[in-house]
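[1] structure of the sequence below:
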Amino acid sequence: PEPEPEPADIHKQCGETQHQEMEEDSDKDAKPASSDSTEETTVKDSALDLKFTALHFGKVKGEPYGCVQFKEDGITIPLKDPLGESLSLTVVQSELKRYGVWECTALTDHSEANTLLLLWVSPAQAQLIQKELSPVYPVEESTKASEFVLLELCEAADGQLCELLARLMGEMAQRNGEAGLQEPLSRAEGFSLLRKHTWYPCLLSLLGLDQGQSPEPDDSQSPQEEQDQPSLPSPQENSSLPIPRYTLCHRRVNNSFSISIALKPNKPLIPHQYRGPPTKLILFPPPPTKGGISVTSEDLECLENGEFLNDVIIDFYLKYLLLETAPKKVAERTHVFSSFFYKQLTRKDNPNEEAANISAQHRRHHRVKTWTRHIDIFTKDYLFVPVNQESHWYLAVICFPWLEEPQSEEWTTQAVPKSGPHKTCQGKPGGHTTGDKGGLNGFMKTATANRCGNSPDITGRTESSICSLSALRLRSSCSLLDCTQMTCQRERVCKRPCILIMDSLKLSSHERTVKLLRDYLQVEWEVRRGTPRKFTSEQMSGSHCRVPLQDNSSDCGIYLLQYVESFLQDPVVHFDLPLRLERWFPRQEVKRKRDKIRDLVLQLYSQQRSCT
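    The predicted structure is shown next:
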């Protein structure tokens, strides 16, 4: 049959203005296929596209630059800046707490919006959104970021839209373990949340409510259901609840001691705080091994919840992972730099260094040249570089520094029998595939920017049937981890010289970090091998890995340690950039990491003390 005319739906209206992230493949030129019963069935990166008229974030009101897109890894909201350019916001699925969808009853005149979508995000995600909006919409630095994002949608809040949103949020909840996404917030719960917020007057107006007014019950709820509807406790109610925290009480009277455990100690008892000098607990690795790291009682305090990890704990646990837990074959191919390495590499020149008649990259290399005097890093496959910038930890992994171009090799230890097309790696030194311009500042722009001669692998992914909701289409996909030693199901894998960035906050592009590490490798090669070699952005590309993200502002160091631990236990073997590692490890494993490290230090303390 002849193709029907294209329906005037959301995809047609927004297809030319949708703004994709750098890592996603653009499909603007894909031609839709039509049928008698459904709209076009072109496979898109987003599972659900919704047209919206405005975004509200605190006191900021943003104009749309396309459709809000519900993707596998989060929600993308394209906005228009004052110059008419696109500004893309992303709400990561792991940072989404709850959501609500209701009809609009009071909006600005001549508004096309019919529905309000409320997104309740984590404080870390709220700070990131505020930072991304600040260049366009000035915000006071001291202002606490709003944890609520309100979207005015054009689609009516009917049962089908609610069902589709519930399905998508349910899938996010299963992937992320966030039970709150299983059920949407009611209108009453949304009002209860917003009225506690700093900017609630401007947000409540969108719900058609005054500051002292209570929301009307939903028509769909019976009086009994409304009565049974759980309400969110207020901060005052929370403060009155007993905190499930027990205290060890120690009394001394003359030569008698008594110890008890109480929920609320008596007033005469005062909290004990050690006020003496830090006590040395362990030295790891212990003598006669050289280069041991000393951990003190003061270092142990940074393992309390909400505290930032210091460099001692970072270096100790990284060395413990490499020497004690990593498989022997992986450990032999790995080198872990100290947390001071990058800090020393990038510090400011002193007057003597400034007076030296050598290039800046040679001056930087001279500061750390003795750090590798006993090891040739070009015999290693993986170099781990912990980086701390502005009190934020993230990880850089230099992969295959000895390689000059991608290599394809047979993969024999497959997780399960391989099915699907034959994969090859057809790289040429310094070359690009069609359309690859190298990305921004040497970073891989998309998955198609790699030099492996194949399209992104879709093995293991499934697609649901296309659902019709006026102009909406839903595609459910399941992206499985398939690039590591335990999960790779390919016949051939691609090794690629690259610098991977693993950042649990994803605050910036880190292009300067990658450039400085390339400069270091270039001088180290000249010193170690005695021959010149260029480490360019084309030959040693940088790439941001899609990794699990933190849900607070203090666990960046914990996530860095987990990235290294997961890499050593299950190394990446197929380097099809950018790496999809969102399901590398469960969040519960990170939540237990502080206690795990503390118990490890105390266990080693007991062992070393018994030996002496």
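[2] pLDDT (mean, whole number) over whichever strand in the chain runs longest?
    Scanning the chain for the strand with the most residues, using DSSP state E, yields strand 48-57. Strand 48-57 carries an average pLDDT of 86.
[3] following it, which helix or strand comes up?
    strand 60-64 (DSSP states H and E).
[4] report the buried residues of that next one.
    By neighbour count with 16 or more other C-beta atoms under 10 Å, strand 60-64 contains the buried residues Val60, Gly62, Pro64. In short, each C-beta sits where N, CA and C put it, glycine included.
[5] which one in these is the model shakiest on?
    Out of the buried residues of strand 60-64, that is Val60, at 83.
[6] distance-wise, check His366 relative to Gly66.
    50 Å (C-beta to C-beta, to the nearest Å).
[7] out of those two, which sits in the busier spot?
    More crowded of His366 and Gly66, by other C-beta atoms under 10 Å: Gly66, with 24 against 14.
[8] quick check: that one vs Thr370, distance?
    Gly66 is 53 Å from Thr370, by C-beta to C-beta.
[9] still on that earlier bit, tell me the strands beside the longest strand of the chain, with direction?
    strand 60-64 (antiparallel), strand 67-71 (antiparallel), strand 148-153 (antiparallel) (DSSP bridges).
[10] and of those strands, who's closest to Ala396?
    Among those, strand 67-71 comes nearest to Ala396, with 26.3 Å by C-beta to C-beta.
[11] CA atoms only for that closest one, dumped as CSV, please.
    Output in CSV follows, covering the C-alpha atoms of strand 67-71 (Å, rounded to 0.1, in the frame of the first residue of the first chain):
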residue,chain,number,x,y,z
CYS,A,67,10.0,17.6,23.5
VAL,A,68,10.8,16.2,26.9
GLN,A,69,12.2,12.7,26.3
PHE,A,70,12.0,9.8,28.6
LYS,A,71,15.1,7.7,27.9
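[12] quick check on Glu324: phi, psi?
    Backbone torsions of Glu324, given as degrees, to the nearest 10, read phi -110, psi -40.
[13] can you get me a residue count around it?
    Neighbours around Glu324, by other C-beta under 10 Å: 11.
[14] now Thr370
    8.
[15] how much space between it and Glu526?
    16 Å.
[16] equivalent analysis for Asn310, please.
    Distance from Asn310 to Glu526, by C-beta to C-beta: 35 Å.
[17] now Ala173
    Counting by C-beta to C-beta, the gap from Ala173 to Glu526 is 53 Å.
[18] the two - which one has more neighbours?
    Ala173 (17 against 14).
[19] nearest residue to the more buried one other than its sequence neighbours?
    Closest residue in space to Ala173, ignoring its immediate chain neighbours: Leu181 at 3.8 Å, by C-beta to C-beta, 6 or more residues apart in numbering.
[20] over to Leu318?
    Leaving aside its sequence neighbours, Leu318 is closest to Val336 (5.0 Å, by C-beta to C-beta, 6+ apart).
[21] which pLDDT value goes with the one you found?
    pLDDT, Val336: 96.
[22] is it true that it touches Phe384?
    Yes. Counting by C-beta atoms under 8 Å, Val336 sits close enough to Phe384 to count as a contact (4.6 Å).
[23] so where is the stretch 201-350 of the chain shaky, pLDDT-wise?
    For the stretch 201-350 of the chain, applying pLDDT under 70 flags the ranges 201-246, 252-255, 262-276.
[24] again, but for the stretch 1-150 of the chain
    1-46, 104-113, 138-143.
[25] quick one, helices of it?
    Along the stretch 1-150 of the chain, counting by DSSP state H, counting those that start in this stretch, helices occupy 10-14, 123-133.
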